[in-house]
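Novice: A structural model of the following input is requested.
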Amino acid sequence: MVMMAATQTFDLDHVRQAANGNWPRIHAALGLAPQFLSKIHGPCPFCGGKDRFRYDDKEGRGTFICAQCGAGDGLALAARLLGHGKQDFGKTLAAVAGVLGIGGHKVEKRPHLSVVAAHVPEMPDYMREEPPPLSYAEYGIPDALPDEATWGYPQSDSRGRASPAPKQEKSGQDRPPPMGRPGVSIQEKTQNVLAACRPADPEHPYLVDKCIKPNGALQQGQSLVIPLQSATGELTGVEYIHTDGSKKFLTGTIKKKSFHVVGSTPGALSQPLKSSERVLIAEGFATAASLHEATGHPVVVAFDAGNLTPVAEVIRRLQPNACIILCGDADANGTGQRHACAAAQKTGSLVVFPEFYEEELAVDPGQKPPSDFNDLHRARWLIAVKEAVDQAKPPPMEEKQPDEEATGAVYRYMSSVTPEPIQWLWPGRIPKGKLTLQAGDPGLGKSQVALYQAATVSTGGTWPDGSQCQPGNVIIISVEDDPGDTISPRLAALGADMSRIVILEAVKDTGFAYRIETVTVLQNIETSKIVWEQGIVTMSADEALAAQTSNPDEKSALDEACEFLTDQLQLGPVEAGKLKTEARNAGIAERTLLRAKTMIGIKSRKEIVSGKWKWFKPTP
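Specialist: Just a heads-up that it's a prediction; the model follows:
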């Protein structure tokens, strides 16, 4: 850093006189965020207390008051912004003089008024460079300081007292507009905030507490500043992170579909990435910073769980071929898990969550247990974060309930349809979310090709043309080949991941039950007719055919499954997975268990908190 002359003298009265009426602009230049330059009580930028701080600027002296920190004038506030103590008063005065541009002014020494600033460093470059035009008018701050011809340097009278600068009347046009004037866009407000920021201090308490680097974060006063942007690159607001970890958005910030990128320039995501390149998405800035430092991949900050799906959809449109990984929070109430899985399912992405040991989750009452990847970083270093991300998988497949809603035509106008690029499973050959037919004469190996594709998807392997396939789950529907002696061996030969492949055994549908009755018509002529039963029947084709079976062994197996379910559910709902495991251990086939479930009227529901399915017997 370039140093000033060994000793430079500033006249206290001269600096105060020049600063009088201009303190809001000076404090903004020294890093105080614009929202704190208000005469309305609000959060304190220093102690973090809510509704404690007020910037009253009495008589233009830059005064402030905080119920916790105390009160002071413009110089006292400047010292706090610069982290100076009483012994650094000369440095504080030099900094204020530097903002006012009077650093080189020579004055007569007056010991009772002057302060000697020894070895004072020059102002940082971000304070000395000519700033872009700003508009602080909405905060009640003049757009510019008066020039030297207006305020000049105060003259002394014969007794050495400073003469006050002449007062000037302001016309109505010269008065700054009131706070919150209409017509100020969030883009302009965000640009004003960012123009007054500096690169974040690596020793900022929040960064130190989270064990992360600044990663491009900015700083204004004691608060970190994280800008938000839209898919088109427009600024949509900022998030302030205070020293105690509390967070607040700039008033008017557009959070939905907006994001921040850690580890890459904002415009970089508009350039197409290959299917082998990864983009991670996380909730908070600290989590994203840990993920980037561990993996080196760009990480998108969504700012909260509810914004994961909107942001993931934006990133998928920008990057149709990239491997997107949702790095969700492992919240105790399941919020982070639900939103991350939903975002991954909707965008064809992978998902991963941090896993913690029991002793790591055992925290004192009132403390928040670890839940995100920054917590994992601080508990077991960055290597644990990288290893977890490398294990990302497609979101789990969920049990679906039959749709009991009434059917009918559903339509929408094409004017409401947003054009989107095709997303490829196999680039140029198999699109995602589309029906693809493979036709050929018998005996050419169509089934073999289909099983090869299933195996490749299950493992995330390589296609014949060298392109990489993203791993996913596979459903097989077969009416020809037997799963045991044909399909399973072929998949094993291809190295398939059997845990990601399921075979469809039945489809349930609704219908009406009926019986055939014999009737007599036209003078003793016997015939028959259909008589419909009351209500709707729900079952699969196999269950309908099985109802006519005369095999006593099959009936006894079904009866055994019914008794099993009755016993298991007599005390209340039980998780479906646990029931199926217990039934398998008891020698009851899953197919028979499902038939028994339908026969005795067992229902199922999904728990909101855990997200797991439970079976229960309805109350009569």
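
Novice: mind listing the helices for the stretch 351-500 of the chain?
Specialist: With DSSP state H, counting those that start in this stretch as the criterion, the stretch 351-500 of the chain has helices at 358-361, 373-389, 446-459, 488-493.

Novice: for residue 210, find the nearest of the ones you listed.
Specialist: Residue 210 lies closest, by CB to CB, to one member of those: helix 373-389, at 5.7 Å. (Each C-beta comes from the backbone N, C-alpha and C, glycine too.)

Novice: just the pLDDT for the closest residue to residue 219 other than its chain neighbours.
Specialist: Among residues not flanking residue 219 along the chain, residue 200 sits closest, at 4.3 Å (CB to CB, 6 or more residues apart in numbering). We note a pLDDT of 92 for residue 200 in this prediction.

Novice: quick check on the closest residue to residue 586 other than its chain neighbours: phi, psi?
Specialist: Nearest residue to residue 586 in three dimensions, chain neighbours excluded: residue 564, at 6.2 Å (CB to CB, 6+ apart). Main-chain torsions, residue 564, degrees, to the nearest 10: phi -60, psi -50.

Novice: confidence score at residue 564?
Specialist: On the pLDDT scale, residue 564 gets 90.

Novice: cool, and residue 255?
Specialist: On the pLDDT scale, residue 255 is placed at 93.

Novice: can I take it that it is in a helix?
Specialist: No: counting by DSSP: H, G, I helix; E, B strand; the rest coil, residue 255 is not part of a helix but coil.

Novice: list the residues that contact it.
Specialist: 228, 236-237, 249, 303-304, 307 (CB atoms under 8 Å, 6 or more residues apart in numbering).

Novice: please apply the same query to residue 569.
Specialist: Contacts of residue 569 by CB under 8 Å, 6+ apart are 602, 615-617.

Novice: one more: residue 36?
Specialist: Contact analysis of residue 36 by CB under 8 Å, 6+ apart lists 42, 45, 53, 55, 221.

Novice: go on, residue 352?
Specialist: By CB under 8 Å, 6+ apart, the residues touching residue 352 are 325-328, 388-389, 391-393.

Novice: can you lay out the residues you listed as JSON lines showing neighbour count and distance to residue 214?
Specialist: Output for these, formatted as JSON lines (neighbours: other CB atoms under 10 Å; distance: CB to CB, whole Å):
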{"residue": "325", "neighbour count": "25", "distance to residue 214": "24"}
{"residue": "326", "neighbour count": "30", "distance to residue 214": "25"}
{"residue": "327", "neighbour count": "29", "distance to residue 214": "20"}
{"residue": "328", "neighbour count": "30", "distance to residue 214": "24"}
{"residue": "388", "neighbour count": "20", "distance to residue 214": "24"}
{"residue": "389", "neighbour count": "20", "distance to residue 214": "22"}
{"residue": "391", "neighbour count": "9", "distance to residue 214": "29"}
{"residue": "392", "neighbour count": "20", "distance to residue 214": "27"}
{"residue": "393", "neighbour count": "17", "distance to residue 214": "32"}
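
Novice: can you lay out these as CSV showing distance to residue 538 and pLDDT?
Specialist: Converted to CSV, the contacts of residue 352 look like this (distance: CB to CB, whole Å; pLDDT from 0 to 100):
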residue, distance to residue 538, pLDDT
325, 39, 95
326, 35, 95
327, 40, 96
328, 35, 94
388, 42, 92
389, 43, 94
391, 39, 91
392, 37, 91
393, 33, 91
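
Novice: and the strands in the stretch 301-450 of the chain, which stretches?
Specialist: Along the stretch 301-450 of the chain, counting by DSSP state E, counting those that start in this stretch, strands occupy 323-327, 350-352, 424-426, 430-431.

Novice: by contact count, what packs against the shortest one?
Specialist: Same thing as strand 430-431. Counting contacts by 3 or more CB pairs under 8 Å, 6 or more residues apart in numbering; DSSP states H and E, strand 430-431 packs against strand 424-426.

Novice: okay, now the sheet partners of the strand it packs on, with direction.
Specialist: The pairing partners recorded for strand 424-426 under DSSP bridges are strand 430-431 (antiparallel).

Novice: quick one on the thing from earlier: roughly how far does the residue nearest to residue 219 sit from residue 241?
Specialist: Taking CB to CB, to the nearest Å as the measure, residue 200 falls 10 Å from residue 241.

Novice: still on that earlier bit, and the helices of the stretch 351-500 of the chain as a markdown table, adding distance to residue 536?
Specialist: Below are these laid out as a markdown table (distance: least, CB to CB, whole Å):
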| stretch | distance to residue 536 |
| --- | --- |
| helix 358-361 | 47 |
| helix 373-389 | 47 |
| helix 446-459 | 35 |
| helix 488-493 | 36 |
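
Novice: of those helices, which is nearest residue 85?
Specialist: Nearest to residue 85, of all these, is helix 373-389, at 31.1 Å by CB to CB.

Novice: so after the least confident helix or strand in the chain by mean pLDDT, what's the next helix or strand?
Specialist: Lowest on mean pLDDT, DSSP states H and E among the helices and strands of the chain sits helix 148-151, with a mean of 29. Downstream of helix 148-151, the first helix or strand assigned by DSSP states H and E is helix 186-195.

Novice: mind listing what's buried in that following helix?
Specialist: Residues of helix 186-195 classed as buried: 186, 189-193 (neighbour count, 16 or more other CB atoms under 10 Å).

Novice: equivalent analysis for stretch 356-365, please.
Specialist: Across stretch 356-365, burial judged by 16+ other CB under 10 Å covers residue 356.

Novice: pLDDT wise, what is the residue lying farthest from the centre of the chain at?
Specialist: Relative to the C-alpha centroid of the chain, counting by CA atoms, centre = their mean, residue 523 is the outermost residue, at 79.6 Å. pLDDT, residue 523: 74.

Novice: ok, residue 469 - contacts?
Specialist: Contact analysis of residue 469 by CB under 8 Å, 6+ apart lists 275, 425-426, 456-457, 460-463.

Novice: for ChimeraX, write a command that selects the buried ones of those.
Specialist: A single ChimeraX command selects the buried members of the contacts of residue 469 (16+ other CB under 10 Å):
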select :275,425,426,456,457,460,461,463
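
Novice: in TSV: the contacts of residue 469, plus pLDDT and distance to residue 576.
Specialist: What follows is these, written out as TSV (pLDDT from 0 to 100; distance: CB to CB, whole Å):
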residue	pLDDT	distance to residue 576
275	69	35
425	90	30
426	90	34
456	92	30
457	92	26
460	90	28
461	92	31
462	92	36
463	92	36
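
Novice: closest to residue 592 out of the contacts of residue 469?
Specialist: Ranked by distance to residue 592 (CB to CB), those are led by residue 457 at 30.5 Å.

Novice: hmm, residue 502 and residue 483 touching each other?
Specialist: No: between residue 483 and residue 502 there is no contact under CB atoms under 8 Å: 10.4 Å.

Novice: understood, closing this out.
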